[in-house]
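J.: sequence first, then the predicted structure, then my questions.
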Amino acid sequence: MIPAEGGPFASDNVLAGEISRLVSHYGIRSAAETGTYQGVTTRALAAMVPEVHTIEISDARFEESGERLADLPHVQVHHGSSEDILRRLIPQLPKPALYYLDAHDDGAGLFPLPAEVNAIGELDPSPVIVMHDMAVPGHPELHADTQPDGTPYDLDWVMPGLEKIREPWRYYYNTEAVGLRIGILFVVPDVP
């Protein structure tokens, strides 16, 4: 097996620290990750959360990450469309749940993020969501992926799904990052 490249959370220990804080603050009991890639972030989530599910659409990455994560009995690797699997998975997840959304287009013309957020908004009344590769207002140095029209991933693109969340929520962004310096949008329950 080929060794994994890079560190968890795009080699960003600032992001790792914030996710650890969210897990503790909200009492997270499960995590669902989209875009397994090599399973490095999955492994980091597994060190923080008692039950982890990760979803990968690529056949090769699914096989490879399944091998890499086989030693973690509380991690399940799912193969297929993140939206379809999330719709089946969310009702079964122990709550509160954290959703780490990092699936990419991969050149196939699939932009799963809005559909993932829709599924979460419809099925989990009080989610904790971490969206990777988002534009951060005032911080162009932080990387954002691009939507089909070429504009950066942004709050407006996912707002229709977020508006489906039943319990009060709020959002915030990272303003600093290390490693690959990725923009992050956090959506959390609006409770103390």
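T.: Arrived safely.

J.: show me which helix runs longest in the chain.
T.: Identified as the longest helix of the chain according to DSSP state H is helix 13-26.

J.: can you list the helices and strands that that helix packs against?
T.: helix 8-11, strand 97-101, strand 128-132, strand 184-189 (3 or more CB pairs under 8 Å, 6 or more residues apart in numbering; DSSP states H and E). Placement of C-beta: from N, CA and C, glycine included.

J.: among these, which comes closest to residue 109?
T.: strand 97-101 (18.4 Å; CB to CB).

J.: where's the residue positioned nearest the centre of the chain relative to residue 53, distance?
T.: Most central in the chain under CA atoms, centre = their mean is residue 100, positioned 1.7 Å from the mean C-alpha point. As judged by CB to CB, to the nearest Å, residue 100 and residue 53 stand 10 Å apart.

J.: check residue 35 too.
T.: 12 Å.

J.: on that earlier part again, from the middle of its chain, how far away would the longest helix of the chain be?
T.: Distance of helix 13-26 from the chain centroid (CA atoms, centre = their mean, to the nearest Å) equals 13 Å.

J.: next: stretch 76-96.
T.: Taking CA atoms, centre = their mean, one finds stretch 76-96 lying 12 Å from the centre of the chain it belongs to.

J.: could you tell me the end-to-end distance of that stretch?
T.: Stretch 76-96 has an end-to-end distance of 18 Å (criterion: CA to CA, to the nearest Å).

J.: all numbers from here: first residue = 631
T.: Yes, from this point I'll number from 631; that puts the last item at stretch 706-726.

J.: just the buried residues of it, please?
T.: 706-709, 711-713, 715-717, 719-720, 723, 726 (16 or more other CB atoms under 10 Å).

J.: cool, and stretch 731-748?
T.: Residues of stretch 731-748 classed as buried: 731-734, 741-748 (neighbour count, 16+ other CB under 10 Å).

J.: and if you look at stretch 655-667?
T.: For stretch 655-667, the neighbour count (16+ other CB under 10 Å) marks 656, 658, 660-667 as buried.

J.: before we move on, what about stretch 641-649?
T.: So stretch 641-649, judged by 16+ other CB under 10 Å, has buried residues 641-642, 644-646, 648-649.

J.: if the closest residue to residue 729 other than its chain neighbours is in a bridge, with which residues?
T.: The spatially closest residue to residue 729, leaving aside those adjacent along the chain, is residue 759, at 4.8 Å (CB to CB, 6 or more residues apart in numbering). On the basis of DSSP bridges, residue 759 is bridged to residue 729, residue 817.
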